[in-house]
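Chemist: here is a sequence together with a model predicted from it:
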Amino acid sequence: MEGNILIQTTSTLYEKLYRSIATIDSLHSSKLVSVTTELEEINPLAFYQAGSTFKGERFYWSSADRSFTLAGIGEAVKIESDEEGFQITEEQWVDLINHAEIDNVTNASGTGPVAFGGFAFDPYKQSSVTWSEFPNSSTMVPRFLLTKSGTKYFITINALLSPEDSTALFYQELVDQCTKLLGKEFKQNPEPQLIQQEEVAPEEWKRIVKDTTEEIKAGKLGKVVLAREMIATFSSDINIASLLNTLQEQQHQSYVFAYERGDSCFVGATPERLVKLEDQELLSTCLAGTIARGKTVEEDRYFGEQLLHDDKNLQEHEFVVNMIKTAVETCCHDVDVPEHPVLYPLRNLQHLYTPVRGKLYNGYTILDVVKQLHPTPALGGYPIKESIEFIREKEPFHRGWYASPIGWFDARDNGEFAVAIRSALISNNQAVLFSGCGVVEDSHPQAEYEETAIKFLPMLHALGGYE
Ligand SMILES: C=C(O[C@H]1C=CC=C(C(=O)O)[C@@H]1O)C(=O)O
Ligand SMILES: [Mg+2]
């Protein structure tokens, strides 16, 4: 029975596709065709997994409360740049959508033509071998998109038709590929065996933290976020769909994301929203200041109280609130920021949390806001320019997309970006994990080292590594 419903809805989808493609007889230049229908329930991870022949051209996104999921397979359109990328992405996206043929009667955000991608933390840092497959900005509109929104499921086919395409052949190829992605079960693969786990230069890192506190005491900087790496090697290739499934189960209150490029995949379970936009309502988040979870309820509560009253952590947090408030006020009215942070508990640690709300002025897009906000002092530091220059010079590795905006937007100006922390770059049987912390005047190198050790745990646990 279920199978029949699925076949019925896909036949509607394929009819729409046929009609949309057929209307484009005399193309002079390339044009995006996008068709959407509602589907019966389908596991987005099964869809993602079924798209394994499109390795290097997939993405995955789950909102922190799991109510919204996107799984994208294959590239219909790719927008990439080795510049900063925000403007180029915006221009090409607007041009694409202005000329697109869109058949989407659903009102759901995140359906129809959706762009998903991310940006490097610092496009002016010299590139590195680790991140060679990730340009400074990369966004793609998937050929096949599955959207789970609340209890509803939608499928979108996006195709870029060019004048030399045979529409009949293209149509058949899309239908064949789409049919293969639907109706599959998700299968959790056994975890590959961990062979080696290595923290990169921890003593050198602690020395840099010490030097940083001295620069801060000398009044040159207010706050700098410093990060470090860990490398884990496994007996066989890491299965991305299985890893995403584990992260979804283990890391509540965290976005789970993946973006594939070539043989590499950037994966994470981040609690930190940069910006969400829905019907011009803007939501941003200040998340900075950290303490461990307690082993008992009493200890946990005690730690939470300590964090809420700890001057060093409150200072880390305040830098972020001030900057985000100022940035949001440039593009929003009715900005609302609570006066005091509250706790944001996660599986392995708890943070100080302040939500920021506003109503976006007409004429601004989500990419404008992302550009304004990145990097917040939860990822870079304060003053912004000076702290980025400091990181560029002093941090002994390349952040690539770690601590950067990653997310999606649709043709109706809805979208959401998170900052890609609690993350790892996976290439075949190797994972490079990243973890950072806010260094302020009263930071102690050993304490910051331990804080970053806890921040490795979400990825490390999901990969099967040890504490
Ligand atoms: C930079 C990271 O965390 C940031 C987000 C929350 C709390 C932070 C902190 O307390 O230091 C960091 O600013 C990371 O996890 O790699
Ligand atoms: Mg901290």
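Modeler: On my side now, so go ahead. Quick caveat, the model's predicted, so the values are computed rather than measured. Ligands and ions are numbered 1, 2, ... in the order given.

Chemist: wait, doesn't Leu346 sit right on Glu272?
Modeler: No: using C-beta atoms under 8 Å, Leu346 is not in contact with Glu272, being 10.6 Å away. No exception for glycine: its C-beta is placed from N, CA and C like everyone else's.

Chemist: those two: who's more crowded?
Modeler: Glu272 (24 against 21; other C-beta atoms under 10 Å).

Chemist: those residues of the stretch 251-400 of the chain touching ligand 2, which are they?
Modeler: Applying C-beta under 5 Å from the ion, we find that the stretch 251-400 of the chain lies next to ligand 2 at Thr290.

Chemist: show me the shaky parts of the stretch 251-400 of the chain.
Modeler: Within the stretch 251-400 of the chain, not a single segment meets pLDDT under 70.

Chemist: which strand or helix spans whichever residue of it sits closest to ligand 2?
Modeler: In the stretch 251-400 of the chain, the residue that lies nearest ligand 2 is Thr290 (4.3 Å; C-beta to the ion). Per DSSP states H and E, Thr290 falls inside strand 281-292.

Chemist: just want the most central residue of the protein.
Modeler: Central residue of the chain (C-alpha atoms, centre = their mean): Ile406, 3.4 Å from the mean position.

Chemist: and whatever helix or strand it lives in with ligand 1, contact?
Modeler: Following DSSP H and E, one finds Ile406 within strand 405-410. No: Strand 405-410 does not reach ligand 1 (C-beta under 6 Å from any ligand atom); its nearest approach is 13.6 Å.

Chemist: make 20 the first number, not 1, from now on.
Modeler: Sounds good: first residue 20 from here, last item strand 424-429.

Chemist: avg pLDDT for the helix or strand following that strand?
Modeler: Later in the chain than strand 424-429, the nearest helix or strand by DSSP H and E is strand 434-438. Averaged across strand 434-438, the pLDDT comes to 98.

Chemist: what of stretch 242-251?
Modeler: On average, stretch 242-251 scores 98.

Chemist: only alpha carbons, please: show that stretch as PDB.
Modeler: What follows is stretch 242-251, C-alpha atoms only, in PDB (Å, rounded to 0.1, in the frame of the first residue of the first chain):
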ATOM      1  CA  LYS A 242      39.500  38.100  23.200                       C
ATOM      2  CA  VAL A 243      40.900  35.600  20.800                       C
ATOM      3  CA  VAL A 244      39.500  32.100  20.000                       C
ATOM      4  CA  LEU A 245      42.300  29.600  19.600                       C
ATOM      5  CA  ALA A 246      41.800  26.200  18.100                       C
ATOM      6  CA  ARG A 247      43.700  23.000  17.800                       C
ATOM      7  CA  GLU A 248      43.500  19.700  15.900                       C
ATOM      8  CA  MET A 249      43.300  16.000  16.600                       C
ATOM      9  CA  ILE A 250      43.900  13.300  13.900                       C
ATOM     10  CA  ALA A 251      42.200   9.900  14.100                       C
END
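
Chemist: go through that stretch and flag the buried ones.
Modeler: Lys242, Val243, Val244, Leu245, Ala246, Arg247, Glu248, Met249, Ala251 (16 or more other C-beta atoms under 10 Å).

Chemist: tell me how far the second one lies from ligand 1.
Modeler: With distances defined as C-beta to the nearest ligand atom, to the nearest Å, the gap from Val243 to ligand 1 amounts to 10 Å.

Chemist: residues contacting the closest residue to that residue other than its chain neighbours?
Modeler: Leaving aside its sequence neighbours, Val243 sits nearest to Gly400 (C-beta to C-beta, 6 or more residues apart in numbering; 4.0 Å). Counting by C-beta atoms under 8 Å, 6 or more residues apart in numbering, Gly400 touches Leu240, Gly241, Lys242, Val243, Val244, Phe338, Ser406, Ile407, Phe409, Ile410, Gly457, Val458.

Chemist: check which helix or strand covers Asp84.
Modeler: Here Asp84 is assigned to no helix or strand, by DSSP H and E.

Chemist: residues contacting the closest residue to it other than its chain neighbours?
Modeler: Of all residues not flanking Asp84 in the chain, Gln272 sits nearest, at 7.6 Å (C-beta to C-beta, 6+ apart). Contacts for Gln272 (C-beta under 8 Å, 6+ apart) come out as Ala83, Asp84, Pro290, Tyr363, Pro364, Leu365.

Chemist: before we move on, what about Gly419?
Modeler: Ala139, Phe140, Ser147, Thr149, Trp150, Phe153, Phe285, Leu444.

Chemist: could you check the angle strand 424-429 makes with the helix or strand where the last one lies?
Modeler: Meaning Leu444. If you go by DSSP H and E, Leu444 is part of strand 442-446. Strand 442-446 runs at 90 degrees relative to strand 424-429, counting by axes from the mean of the first three to the mean of the last three C-alpha atoms, to 10 degrees.

Chemist: do strand 442-446 and ligand 1 meet?
Modeler: No: Strand 442-446 lies out of reach of ligand 1 by C-beta under 6 Å from any ligand atom, never closer than 7.9 Å.

Chemist: after that strand, which helix or strand is next?
Modeler: Per DSSP H and E, the first helix or strand lying C-terminal to strand 442-446 is strand 449-458.

Chemist: note down every partner strand of that following strand and its orientation.
Modeler: strand 242-253 (antiparallel), strand 442-446 (antiparallel) (DSSP bridges).

Chemist: mind checking the SS state of the residue of the stretch 20-169 of the chain found nearest ligand 2?
Modeler: Relative to ligand 2, the nearest point of the stretch 20-169 of the chain is Phe140 (17.4 Å; C-beta to the ion). Following DSSP: H, G, I helix; E, B strand; the rest coil, Phe140 is assigned to coil.

Chemist: element containing the residue nearest to Tyr143 when sequence neighbours are not counted?
Modeler: Once flanking residues are discounted, Tyr143 sits nearest to Arg411: 6.7 Å by C-beta to C-beta, 6+ apart. Assigned by DSSP H and E, Arg411 belongs to helix 403-413.

Chemist: tell me what the host helix or strand of Leu386 is packed against?
Modeler: Applying DSSP H and E as the criterion places Leu386 in helix 385-392. Here helix 385-392 touches helix 105-117, strand 292-297, strand 300-311, helix 330-348, strand 424-429, strand 434-438, going by 3 or more C-beta pairs under 8 Å, 6 or more residues apart in numbering; DSSP states H and E.

Chemist: the same query, at a cut-off of 10 Å, please.
Modeler: Packing partners of helix 385-392 (3 or more C-beta pairs under 10 Å, 6 or more residues apart in numbering; DSSP states H and E): helix 105-117, strand 133-138, strand 292-297, strand 300-311, helix 330-348, strand 368-379, strand 424-429, strand 434-438.
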